[in-house]
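Visitor: From the sequence below, what's the structure:
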Amino acid sequence: MKEWRVRPALVMLFLILALAVPSPVFGEGPGTGGRQIRLEDEPAGPYLLRVVSSPTPPRVESLYLEVRVTEAASGREVTDASVWTRADYEDGQAPSIEVEAVHAIAPIPTEYASHLPVSRSGTWSITITVDGPQGQGEASLLIQILEPTSISAFISVGLPVAGLAALAVIFYLLQRRYALTSD
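Guide: Numbers count the residues shown, from 1 in each chain. All right, here's what the predicted structure looks like:
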């Protein structure tokens, strides 16, 4: 009978240890939180640009851009250009950020992608500059950046953890009550 009582204690200990291990509770990167097309076939010199941002809505420290470059004349995708993304703060003073968009982090290998770690909430002017075989082009757009929120992390992680803890306490109390009545 004592062996049976040890197993629930081990299971509970395992659950407590598993829940105590720290882990990141926020998502980043392409597609996390949804994606939004910002520009579609936007002229940029001899090119047309398609720009997609994620997450939706964009948040401080987390603006990810995917850029597709096509030749305006032929519609052929351009994969051998130099693509730069620049973010300039419109609502006051903040340092500008310029990052090269590369194929390595793009979800589609023929596209370019960059992560712009914008430092403040507000309106940012995003400029995409392309320098390729057909020449140079540039397109701009405005993106509203929101403050990061952590309430969703507390809700999505805190409530299940609290529920599991409550179930563990109820399980323990029921096991203890059963053990007292059976003796």
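Visitor: switch to C-alpha atoms for all contacts and neighbour counts from now on
Guide: Will do.
Visitor: longest strand in this protein, by residue count?
Guide: Using DSSP state E, we find that the single longest strand of the chain is strand 47-59.
Visitor: Quick check: next helix or strand after that strand?
Guide: strand 62-71 (DSSP states H and E).
Visitor: export that following strand as CSV, just CAs?
Guide: The C-alpha atoms that make up strand 62-71 are tabulated as CSV, following Å, rounded to 0.1, in the frame of the first residue of the first chain:
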residue,chain,number,x,y,z
SER,A,62,9.8,43.1,-32.9
LEU,A,63,9.3,44.3,-36.4
TYR,A,64,10.1,41.6,-39.1
LEU,A,65,9.9,42.5,-42.8
GLU,A,66,9.8,40.2,-45.8
VAL,A,67,10.5,41.8,-49.2
ARG,A,68,9.9,40.3,-52.6
VAL,A,69,11.6,42.2,-55.5
THR,A,70,10.4,41.7,-59.1
GLU,A,71,11.5,43.4,-62.3
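Visitor: any idea how far it is from the chain center?
Guide: Between the centre of strand 62-71 and the centre of its chain there are 15 Å (CA atoms, centre = their mean, to the nearest Å).
Visitor: roughly how far is the helix or strand just after it from the heart of the chain?
Guide: As assigned by DSSP H and E, the chain's next helix or strand after strand 62-71 is strand 82-89. Averaging C-alpha positions (CA atoms, centre = their mean) puts strand 82-89 19 Å from its chain's average.
Visitor: Thanks a lot, see you next time.
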